[in-house]
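Asker: Need coordinates for the below:
(chains A, B and C)
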Amino acid sequence: MSQPGELERAIEATLFAAEEPMTVAALAGHLGDAAAGDVRDSLRRLAAQYEGRGVHLVERGDRWHFQTAPDLAHLLRREREAVRRLSRAATEVLAIVAYHEPVSRAEIEAIRGVQTSSGTLDVLMEAGWVRVAGRREVPGRPVIYATTPDFLDHFGLASRKELPGIDELKAAGLLDPVDDAFEALTASEEEVAGADTDTGNAAADPLD
Amino acid sequence: MSQPGELERAIEATLFAAEEPMTVAALAGHLGDAAAGDVRDSLRRLAAQYEGRGVHLVERGDRWHFQTAPDLAHLLRREREAVRRLSRAATEVLAIVAYHEPVSRAEIEAIRGVQTSSGTLDVLMEAGWVRVAGRREVPGRPVIYATTPDFLDHFGLASRKELPGIDELKAAGLLDPVDDAFEALTASEEEVAGADTDTGNAAADPLD
Amino acid sequence: MSEDALILDLGDQPAENWSGPGAAAADDDAGLYLELDNWEGPLDLLLDLARRQKVDLKAISILSLVDQYIAYIERAEALKLELAADYLVMAAWLAYLKSALLLPRDEQEDPSPEDLALRLQLRLARLAAMREAAARLMARDRLGRDVFRRGAPEGLRTDRKTLWQCDWFALVQAYGQVSARTAPVVHMVRERPVMTLDSALDRVSAMLGVTLDWMELREFLPPHAEPRLRKSALASSFVAALELARLGKAELAQDEAFGPLRLRRATA
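Answerer: Coordinates of the predicted model:
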């Protein structure tokens, strides 16, 4: 890249400081007594000088401007990855979704016994482990959540059936939501007939 | 201007695209695995390559940015709105802060011989050139002021060492308080013993 | 007049070129006074007056400086201009300084008028230095006035992406803790060996059918039962014996309180 002449320097500075691309006419006007032809020649020489650099001088629809070299565009948009541990609350919610899916937020709260902020589910969806799996066809049509294939990948599971401890917990009745467990206890003393009709509550069978 | 290496191209593109000047550390961080030393070397080479062009690569208070060549100011000035016009008071206060920093308001007033309205310092802080730099650990714990990196940017200084004439002012003792200078002058003539008693009578001076 | 021009002329240039508030020529004093507001205090005015002496600040005549200052203040008062108090205080102090300088030197006086004059000189020198520094600073190639950054930078953006971490154990442990925390309290009775009343009834009546002799109750118990089953069997068999007696199928006998309980088939 050879040393620029005075007109080239002037054009270089003008285009650098300009807030918008400029036409040859606008440049010539700005630079006072410059002839359009000279400006055009200088632009070509400047563009050649910047070839191979990190910044290019380019013409777009009659207007000239500097821009970052296309192969370096990735430098303008950097991704920085930060590793963070899932919070205790998010881990609990994830476990509940994994064991009980598909499950609504109300059901998650019933199992956890505490309110769940929407941010917690957002984090799990951002992590790619939980997805919206539709709506439950009950009054209010609550959104229901389920785990994703990425979830299985991350935890090294071939399927949710591999989640440990299910059988023992199930036998002990610890996987039933609070309300169901209570009903199950009372139902054992009465007739059990009504149990199947409660299809809306999928959580009754956590691994179904 | 020789063809740039890959790191130089990357730095060139990054600084062209950046909205703010960048430190070597920020550049190295943005460019991923670049070593600070390599970045510094590349910056120096780039700056040399741009010498004589219409755009220069400059260092201002440890931060680097591209800017138009100063000798082309006449081409660009006309389109720009004038930079903030400072009152004479603000101009003087800014100089005092820059040459004496960190400095308290009382010290500024001692030099100017007049009260400084709080608006004057506010204007300088709003311009981003002066900041509160803590408190002096003396009775009353007065707030002290210092200049900012933006100050260096704006006035084209690589560091405060480049403040015009600062070495001469220092050598002439003109940056020392009057009391110190007075003692230094009188001590050379008489015995030093009595010097301290003067300070008690300084109130006789209406400017103190 | 721009402030930059104003400051620029503050340098080492001759006072004639001074275009600031004090630019008015000496024979245009009224104009000077009218601009008194433009001075940044009495020290500033003094510095301008000192510059009019066209000599190095170290060589200025304090006496003539004092005279000039006082003269200006008097003229301003004559013109009924409103003067800030500190200008008047300075005038009074300068008048005192002048008289002290003119009087025969009193060795006892401390600080001496010469010292006060020196201090004033030092102050003027410092203010002059800062005025000049300010002028040189303002005259630099200033960003946004003389030099410019890129007009339309693309901008750098760093998208933060969080890689969430959680391991298998944390997941399962969390689930266990949720379950433990929220499970209803259920008391589970462990299964243990018992002999029900029905089976005791069957067993006792079957054994009574085999013999006609009195038998002690303990003989009806399973011979090698473990202690807890044995207790259950004893209780059940006792109740069974009572039941059989009530039905008239067996006779009970006990010779003394807490003595062995005997039974045999009823001889009906």
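
Asker: And the host helix or strand of residue C:89, how far out from the chain middle?
Answerer: Assigned by DSSP states H and E, residue C:89 falls within helix C:85-102. Its chain's C-alpha centre lies 53 Å from the corresponding centre of helix C:85-102 when counted by C-alpha atoms, centre = their mean, to the nearest Å.

Asker: Same question for stretch C:160-176.
Answerer: The chain centroid and the centroid of stretch C:160-176 are separated by 29 Å under C-alpha atoms, centre = their mean.

Asker: related to what we said a few turns ago, quick one: the helix holding residue C:89 near chain B?
Answerer: Yes: Helix C:85-102 reaches chain B (C-beta under 8 Å from any C-beta of the partner chain) through C:86, C:89-90, C:92-93. No exception for glycine: its C-beta is placed from N, CA and C like everyone else's.

Asker: which among those gets closest to residue B:43?
Answerer: Ranked by distance to residue B:43 (C-beta to C-beta), those are led by residue C:86 at 50.9 Å.

Asker: Could you check how far that closest one is from residue C:68?
Answerer: Applying C-beta to C-beta, to the nearest Å, the value for residue C:86 to residue C:68 is 18 Å.

Asker: The two: which is more packed in?
Answerer: Legend: neighbour count by other C-beta atoms under 10 Å in any protein chain shown for residue C:86 and residue C:68, higher for residue C:68 (20 against 16).

Asker: just checking, that one touches residue C:47?
Answerer: No: contact criterion C-beta atoms under 8 Å: residue C:68 and residue C:47 do not qualify, at 11.9 Å.

Asker: Now the helix or strand harbouring residue A:37: buried residues?
Answerer: Residue A:37 is located in helix A:36-50, with elements delineated by DSSP H and E. Applying a neighbour-count criterion of 16 or more other C-beta atoms under 10 Å in any protein chain shown, one finds A:38-39, A:42-43, A:45-46, A:49-50 buried in helix A:36-50.

Asker: Next one, pLDDT for the residue sitting furthest away from the middle of chain A please.
Answerer: What lies farthest from the middle of chain A is residue A:33; by C-alpha atoms, centre = their mean that is 53.7 Å. What the model reports as pLDDT for residue A:33 is 76.

Asker: That one falls within a helix, correct?
Answerer: No: assigned with DSSP: H, G, I helix; E, B strand; the rest coil, residue A:33 falls outside any helix and is coil.

Asker: end-to-end on stretch C:180-194?
Answerer: 31 Å (C-alpha to C-alpha, to the nearest Å).

Asker: Look at the residue lying closest to residue C:155 once chain neighbours are set aside and give its secondary structure.
Answerer: Excluding the flanking residues, the one nearest residue C:155 by C-beta to C-beta, 6 or more residues apart in numbering or on different chains is residue B:19, at 5.0 Å. For residue B:19, the secondary structure call by three-state DSSP comes out as coil.

Asker: Provide the strand pairings for the longest strand anywhere in chain A, with the direction of each partner.
Answerer: Longest strand in chain A, counting residues (DSSP state E): strand A:77-85. In the sheet, strand A:77-85 lines up against strand C:157-165 (parallel) (DSSP bridges).

Asker: Off-centre distance for stretch A:82-99?
Answerer: Centre-to-centre, stretch A:82-99 and its host chain are 17 Å apart (C-alpha atoms, centre = their mean).

Asker: So for it, mean pLDDT?
Answerer: Rounded mean pLDDT across stretch A:82-99 is 89.

Asker: per-residue pLDDT, residue A:16?
Answerer: Residue A:16 is assigned 94 on the pLDDT scale.

Asker: May I have the phi/psi pair for residue A:132?
Answerer: phi -80, psi 130 (degrees, to the nearest 10).

Asker: Up against chain B, what does the stretch 151-268 of chain C have?
Answerer: Counting by C-beta under 8 Å from any C-beta, the stretch 151-268 of chain C sits next to chain B at C:153-156, C:158.

Asker: could these be laid out in a markdown table, adding pLDDT?
Answerer: As requested, these are exported to a markdown table (pLDDT from 0 to 100):
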| residue | pLDDT |
| --- | --- |
| C:153 | 87 |
| C:154 | 84 |
| C:155 | 84 |
| C:156 | 82 |
| C:158 | 76 |
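
Asker: Tell me which of those residues fall in strands.
Answerer: Reading strands off those with DSSP E, I get residue C:158.

Asker: can you tell me the helix or strand for residue A:90?
Answerer: helix A:88-100.

Asker: outside of that helix, which residues touch it?
Answerer: A:86, A:103, A:107-108, A:111-112, A:116-117, A:120-121, A:123-124, A:129-130, A:145-147, A:151, A:160, A:163, A:166, A:175, A:177, A:202-203, A:206-207, C:166, C:170-172, C:174-175, C:177-178 (C-beta atoms under 8 Å, 6 or more residues apart in numbering or on different chains).

Asker: State the distance from the spatially most central residue of chain A to residue B:158.
Answerer: In chain A, the residue lying closest to the centroid (C-alpha atoms, centre = their mean) is residue A:126, at 5.4 Å. Residue A:126 sits at a distance of 44 Å from residue B:158 (criterion: C-beta to C-beta).

Asker: Please give me every residue in contact with residue A:142.
Answerer: Contacts of residue A:142 by C-beta under 8 Å, 6+ apart are A:104-106, A:135-136.

Asker: Show the buried residues in those.
Answerer: For these, a neighbour count by 16+ other C-beta under 10 Å gives the buried set as A:104-105, A:136.

Asker: Excluding chain neighbours, give the residue nearest to the residue in the stretch 151-268 of chain C that chain B sits nearest to in space.
Answerer: Taking C-beta to the nearest C-beta, chain B has its nearest neighbour within the stretch 151-268 of chain C at residue C:154, 4.1 Å off. Excluding the flanking residues, the one nearest residue C:154 by C-beta to C-beta, 6+ apart is residue B:17, at 4.1 Å.

Asker: OK, contacts around that neighbour?
Answerer: A:68, A:75-76, C:153-156.

Asker: 7 Å instead, please
Answerer: Residues near residue B:17 by C-beta atoms under 7 Å, 6 or more residues apart in numbering or on different chains: A:68, A:76, C:153-156.

Asker: Highest neighbour count among the residues you listed?
Answerer: Highest count within the contacts of residue B:17 by other C-beta under 10 Å belongs to residue A:68, 21 neighbours.
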